[in-house]
Every structure is written in structure tokens, then in C-alpha cells.
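Visitor: need a 3D model of the sequence below.
(2 chains)
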Amino acid sequence: MDLGSRLTVVVGSGGVGKTTLAAALGLRSAAAGFDTLVMTFDPSRRLKDALGIGDAEGNQEVVVAGTEGRLHASLLDARATFDGLVARYAEDDEARRRIANNPYYHHLAGHLGGILEYMAVERLFEVASSGRYARIILDTPPTTQAIDFLEAPTRIVDFLDSGALKIALAPWFDPNGELRATSRLGFVGRGLERFLDRVVGMQLLRDMSEFFRAFGPLFDGFRGRASETETLLASAETRFVLVTGAGEDRIPDTLFFARKLDEAGYQLGSVVVNRVHPDVGSGVAESEMSEGQRLFQWLGDRHRRGLATLRGLLKPELPLLAMPLAGDELTDLESLDGLGRELEQRWLAALRHPTS
Amino acid sequence: MPILECLLQRRLIVVTGKGGVGKSAMTSVLGRSLARRGRRALVLEVDPRENLHQLLGVAPSGGAIVEVAPNFYLQNLKPRHVVDWVVDKQVKIKMIAKRVINSPIYHRFVEGAPGLTEIAILGHALRLARGELPDAPDIDVVILDAPATGHGVYLLTAPKLFAAAIGKGPFADLASEVADYVADPVASGLVVVTQAEEMPVQEALELRRVLAERFGRDPELLIANGLYPVAPDRGDDELTALWRRRYQLNVDQLERLDRQWAGPRINLPLLPIDSGAELVAALCDRFDTALEAL
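Guide: Down below sits the predicted model:
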């Protein structure tokens, strides 16, 4: 049975091991004979080296050694994607130059805040529509609100459809940088200008207006791509894998995420509870345990309790995969492949025997 | 100057680190520790889903300032409210201010303008620490449970960039005021939380580098959290073998920090305590002992 899908999106809060699992899924997909791309955001140095993207430029798709050319890996570079977008879609050199010189563009493009999610959407569209890969495994960015990424396409479409853009695109300023409406309105206009200046600052308005006007021709394409990406994410060919930590304290987060995916019409393929501590068992009386043994027993109990509670709260047919804590951080291809196999086995078993 | 004195001087302490390392617990520990030393401390949370109250053993507040213990306060902040407040203050006629705040275009602007949220958060912390908020208690120090590292760096750099990008206006003024505050090594400080594992340590070291580059300063303190106890040399059963390997991983990463992190560090153990409030209390005792020894 083939567990893969055209697009697999690995989601979850920061620090739960998404990137490692995405790499493991990628290796298994390639081993099954599919040309696969793993798109990732912030792998550790050792994982980067294992995948061979340690020295690759952002967005470069690099063949992973030992996969017979079937697995590629790529690191998302938000700035390069944004610049590439401008270069590709701007109407002419003049438009390109105007965007490149705009301080607001630099502010937007230079920093992760908010823009990373949009660029991930652009990049996903670019790769998915290229037809280069039969399978794509997408690791999601470490956003403040983990759900931000998934809502990005909808936000783009909403923003473009709202009146905000029309207003931003209106020719507010004449070539001398004077507000058009206000110079026509005379005394009242000067009042309005002072009002606007007080609230947001005229320079910001001037730069934003310039930016949106220069960027304007790009927006239609942007809307189209964002809504196609939205369709792809919600399609039957896409499956989400939700990764979470063990322990009862992680449950609210996990349920919140699962509900959000459901509301958005996305298909959740499985929930992976990562780094579950082993069951210590009751071989030793608690009074004879060392401090460390008691800690491990506590962790094991806590994680099993968490798993049982979570199982009861999720839909019975949804596979819940408990992945044991590994002794080492998995950063070579062999152990990543082992992790992928283990995940596959658990997933298949869960599908054969739901809620076991 | 000893690190304890440094921390007692600060008016704003930003706590950051990779996701999942225990930032919120450490924010609570630090707040509690400073409050016990007589500083009127407020821990500020910006996650829309409230979480810190559980670690401090109080009810969720929905945005109001809550007294946790004498000298010790908690607030869950909605950044949006701060931006609304700036508009409200600038626009003298209340009806117009209300119309601006309720307009969809304003909503998009606030959601979409990069940096605005960060400025709102830090601006709020600044006003709290200066006693400029009418209904707030007197606060000596604000401890901010900041977003994970990448965003944490952005939080600190955003005001300067925002101020430079937009020139003048009330948001720009607030941005440059906040930028000055963040750059002032006496007024504000940074505490980095990590676990002794490769990725969080990597992020902590990168954060340190970025901070030195952009601000020419170092974090005040590093907390290595969730350490396994010393593993026994003997025993080949599965559990002992796992314990030994996880412990060794901690040892390796702590050695890496010894080599690459020049600055004070406090190590805190993984403790088998279920309740968040009890855990924070137990960690706070250990934190205090370690802090005084530095």
C-alpha cells in the first residue's frame, strides 16, 4: 500500500521534529520510486549536510546522495523568492527599478516577519506547477502562530479582493509627491492631509502607495497563484501530517491544529506524536528507584496518559502514530530512512486496525 | 557587574529561544525570582491563546493585568489593542477614531504592515515600565515571553527598521522610541532559553551572533533547561541505554556551549512535576541558588 500523496504537508508547532520527519518521508517516497522534492525551512547544520544542502544557495534543488537521483532537497529563501517574483512578473525594467528602489519593499522583503508565509506559498506554487516532481514533501515554516502558513493563501486573496488595495493603488500622489485629492480640495484637503500625517505618517503612505502601484501588475498573478495553491492544499491529492510532542500539555495545541485543518477543508492523514518516552514498566519498586529512574517512569507514564487522552479526542479513524524517543539526534541518511520505515509501519498498522 | 545586579537593573527583559524549549516556564521563573527580590515584576504574554496563567496558578484574564503574588503581575496582551490605542490618542475626536478603528482598511493595514505588531508589543512594555498607563499598577520590570528565536530577533530589530523605512508620523515616533529603548543596555536585556540539544543550541548561538552584529551587545543570560540527570555507567537494559545516550547528548551540547557561549549560564533539570505552578516554583528555587552563585 502506498501512503504517499502528490503533496504531503508536515505541520505542527516549533521544535517538535517536523523537519526530520519530512526528510524521512522524502527518503521513503524516493525509495518507492517517485521523483520527490523535500522543501524545508530551518534544518540543523547536520541535517542540512546529510541532505547535501549545507552549502546550497536558497531555493536551489539539490540531489540527495544515495537516492539514485530520485530525491531532491531545497531550502526556502524568502528574499530570493520575493526578488525572483519581481524579476519574473514585473512589467518592464522601469517597474522593476521602481520596486527595487522602494524603501517599503526593502522593509517587506528584508525580514521574515509576515512575508515568509507568502513566499512559501509562491515557492510551493512554482514547484508544484513545474511538473518536475511526482511527490512534494513540504516542511512548514516556524511561524509564531503555526497556523499562519496555512491561512496565508486565503489572506492574500482576501487582501487583494478587499478595498484596501484599490485605495492603495489609487494615484494619491502627483509626481511632486503632493497628495492629489487634498491639493484639489484646498483648505479641507490640507486638514485631511494633516490628519493622515498624524495617524500614519505621510512618508509611509507615499512609499506604500508607490510600492503598490509599482507592484500592481503583479497582483493579478499573485491572486491567481494564491488561489490555485489554496485549491492544491485542499485537494484529494494533498495530505497533512500533524506532528506534536508527547505529554498531556500538548493536547490543546494538537486539537486546535486538527480542528483548523478540518475547518479549512484540508485532509489530515495522520497525527504523529513524536519523542515518546518508553514505558518503564513496574519491575522495580518505586522506593528502590534512583532519581533518574523515577523521572523516566514519570515521563513514560505522562506520555502514555497523553496518548490515551489524545486518542479519545481524535476521530477514531484518524491514525495516531507514537514515535519513540531516539537515543541520538537523527542526522544521517541511514537513520532517517529507518525513521521513515518505522513511521510507515505504524501508519499501515493504524490503517489496518483503526484505534488500536 | 554580577549578573544578578544586571537583571535587577533592567526595565525590560525579553525571553526568547527555539520553540518548545520552555520559554514560558522560564519567563515565569524569572518574573517570580525578580518579584521575590522586591522588583515589581510583570510577565507579558502575547500568544492569543493564554498559557502563562497555568504556569503561575491563576485564572485566565482575557487581557487584564492580574496580580499573581505581591509585586508580581501577569498580562496577556492583544497587540491590536495597542495599535488602536495609538490611533485613539492621535485622533482627538472619538467618533472619527472609532470609525478609523472599525474600518476594514485599517484592519488590513494593521494585519499587513510588517513590524507594526512588534512595535505595539514593545511600546506597551515601554509604557508599562514607565508608568504611563493610567490603570496599570506601578511596574519596575516587564518580562516578555517573546516569540521563538527567528521572530524574537525580528521583534528586536523591527522598531529600528520600521523607523528607518517610514520616516515620520506617530508610528514612526513610537518605533524610534522603542528602538532606542531596546538598544539601551541598561534599560533592556535579553535572556535566551535553550535545551542541551543540537538545534536549540544552534539557534541560541545564531541569536547571539545576530544580536552582536545588529546591536553590538550580548544576551545577559542563557538558561539550559530540561537536562537529564547523570546516567549510570552500568546497566545494559533498554531504558538505561536510552538514558545514557540522551544524557551524553546533553553533555556534548553543554560542552559546545562552554566553548562557544561566552557569558553566564544557568542549567536547570528536567523535573517530574505535573502541575505547571509547582514546576515553576521548584525551578525558581534552583534558579535563585544558581543565580546567586554566578
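Visitor: residues near the residue lying closest to A:Arg6 once chain neighbours are set aside, how many?
Guide: Leaving aside its chain neighbours, A:Arg6 sits nearest to A:Glu237 (3.9 Å; criterion: C-beta to C-beta, 6 or more residues apart in numbering or on different chains). From N, CA and C alone the C-beta is placed, and that goes for glycine too. Here the number of neighbours of A:Glu237 (other C-beta atoms under 10 Å in any protein chain shown) works out to 11.
Visitor: on the three-state scheme, the residue in the stretch 1-150 of chain A that chain B sits nearest to is what?
Guide: Here the stretch 1-150 of chain A gets closest to chain B at one residue, A:Gly14, 2.1 Å apart by C-beta to the nearest C-beta. Applying DSSP: H, G, I helix; E, B strand; the rest coil to A:Gly14 yields a three-state assignment of coil.
Visitor: what's the spacing between it and B:Ile65?
Guide: 28 Å (C-beta to C-beta, to the nearest Å).
Visitor: could you do A:Gly54 as well?
Guide: 47 Å.
Visitor: and the host helix or strand of A:Ile251, what other elements does it pack with?
Guide: Applying DSSP states H and E as the criterion places A:Ile251 in helix A:251-263. Contacts defined by 3 or more C-beta pairs under 8 Å, 6 or more residues apart in numbering or on different chains; DSSP states H and E place helix A:251-263 against strand A:238-245, strand A:268-276, helix A:291-313.
Visitor: list the helices and strands the first one packs on?
Guide: When you say that, I think you mean strand A:238-245. strand A:7-11, helix A:18-31, helix A:251-263, strand A:268-276.
Visitor: if we can go back for a sec, from what I can see the residue of the stretch 1-150 of chain A closest to chain B touches B:Gly19, true?
Guide: Yes: counting by C-beta atoms under 8 Å, A:Gly14 does reach B:Gly19; the two are 2.1 Å apart.
Visitor: next one: phi and psi at the residue lying farthest from the centre of chain B?
Guide: Farthest-out residue of chain B from its mean C-alpha position, per C-alpha atoms, centre = their mean: B:Asp236, at 41.4 Å. Main-chain dihedrals, B:Asp236, degrees, to the nearest 10: phi -110, psi 0.
Visitor: tell me which residues touch it, please.
Guide: Listed by C-beta atoms under 8 Å, 6 or more residues apart in numbering or on different chains, the contact set of B:Asp236 is empty.
Visitor: pLDDT at it, what is it?
Guide: On pLDDT, B:Asp236 comes in at 80.
Visitor: and the closest residue in space to A:Glu286 that isn't next to it in sequence, what pLDDT?
Guide: Nearest in space to A:Glu286, with sequence neighbours left out and distances taken as C-beta to C-beta, 6+ apart, is A:Arg294 at 6.9 Å. Predicted confidence (pLDDT) for A:Arg294: 90.
Visitor: low pLDDT regions in chain A?
Guide: A:1-2, A:103-104, A:106-116, A:142-150, A:152-220, A:282-283, A:355-356 (pLDDT under 70).
Visitor: if you set the cut-off to 50 instead, what comes out?
Guide: Low-confidence segments of chain A, defined by pLDDT under 50, are located at A:112-113.
Visitor: and the helices in it?
Guide: A:18-31, A:45-51, A:78-89, A:93-100, A:103-109, A:115-130, A:148-161, A:163-169, A:180-199, A:202-234, A:251-263, A:291-313, A:333-352 (DSSP state H).
Visitor: how about the second one: buried residues?
Guide: Spelled out, that is helix A:45-51. By 16 or more other C-beta atoms under 10 Å in any protein chain shown, the buried positions in helix A:45-51 come out as A:46-48, A:50-51.
Visitor: turn these into JSON lines, including distance to chain B.
Guide: Output for the buried residues of helix A:45-51, formatted as JSON lines (distance: C-beta to the nearest C-beta, whole Å):
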{"residue": "A:Arg46", "distance to chain B": "7"}
{"residue": "A:Leu47", "distance to chain B": "9"}
{"residue": "A:Lys48", "distance to chain B": "10"}
{"residue": "A:Ala50", "distance to chain B": "12"}
{"residue": "A:Leu51", "distance to chain B": "15"}
